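Engineer: This is the structure alone, sequence omitted:
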């Protein structure tokens with residue numbers, strides 16, 4: 001896995017490619033990704049030189065809802081079911097714990113049945129469905145039920 005920072009153009013472009021392919025209604029520009037990398041932990045995953053997926057960790061914010069971290073793993077369709085999502089998820093979960101997260105959440109596009117199945121299979125439960133203002137796509141927020149026992 002490679003951490004994405006604002007100076008690594010290849011990692012920025014690769015992260016953007018995976019994100020935009022898997023979450024097209026929330027497509028981002030490179031400037032959007034640069035801004036996101038300044039406040040979140042973004043990583044890209046490769047198999048050798050081949051791009052496999054990307055992940056996002058939104059650290060605990062430290063405000064009223066501050067103990068929640070968001071862990072999102074995105075795997076390109078041709079690489080699903082081979083353990084890459086689990087690897088990214090476990091890494092994000094460990095980092096969230098290091099940063100003091102008391103709760104773990106994730107967000108999945110409702111149309112992404114594989115993503116929802118992945119999250120539910122790891123103990124996440126749905127907490128909310130919503131549509132962003134002016135949009136029509138449904139997003140699902142999920143929360144990990146038992147952080148202490150969660151690994152894969």
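Structural biologist: Sure thing, it's come through. Since the structure is predicted, the reported quantities are computational estimates derived from the model, not experimental observations.

Engineer: now the strands for the protein?
Structural biologist: Remark: strands assigned in the chain by DSSP state E are 2-4, 41-47, 50-58, 68-75, 103-109, 124-131, 138-144.

Engineer: Residues touching the third one, excluding its own?
Structural biologist: Same thing as strand 50-58. Residues from elsewhere that reach strand 50-58 (CB atoms under 8 Å, 6 or more residues apart in numbering): 1, 4, 14-15, 17-19, 36, 39-46, 69-76, 79, 84-85, 88-89, 91-92, 95-96. Every residue, glycine included, has its C-beta placed from N, CA and C.

Engineer: ok, now with 6 Å
Structural biologist: For strand 50-58, contacts defined as CB atoms under 6 Å, 6 or more residues apart in numbering pick out 14-15, 18, 40-46, 70-76, 79, 84, 88, 92, 95.

Engineer: quick revisit: possible to save the strands of the chain as CSV with mean neighbour count and mean pLDDT?
Structural biologist: Listed next are these as CSV, based on neighbours: other CB atoms under 10 Å; pLDDT from 0 to 100:
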stretch, mean neighbour count, mean pLDDT
strand 2-4, 17, 64
strand 41-47, 20, 94
strand 50-58, 22, 96
strand 68-75, 24, 96
strand 103-109, 21, 95
strand 124-131, 13, 96
strand 138-144, 19, 96
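
Engineer: So for residue 24, which of these sits nearest?
Structural biologist: strand 103-109 (8.5 Å; CB to CB).

Engineer: where's the closest one relative to the chain centroid, distance-wise?
Structural biologist: Relative to its chain's centre, strand 103-109 lies at 8 Å (CA atoms, centre = their mean, to the nearest Å).
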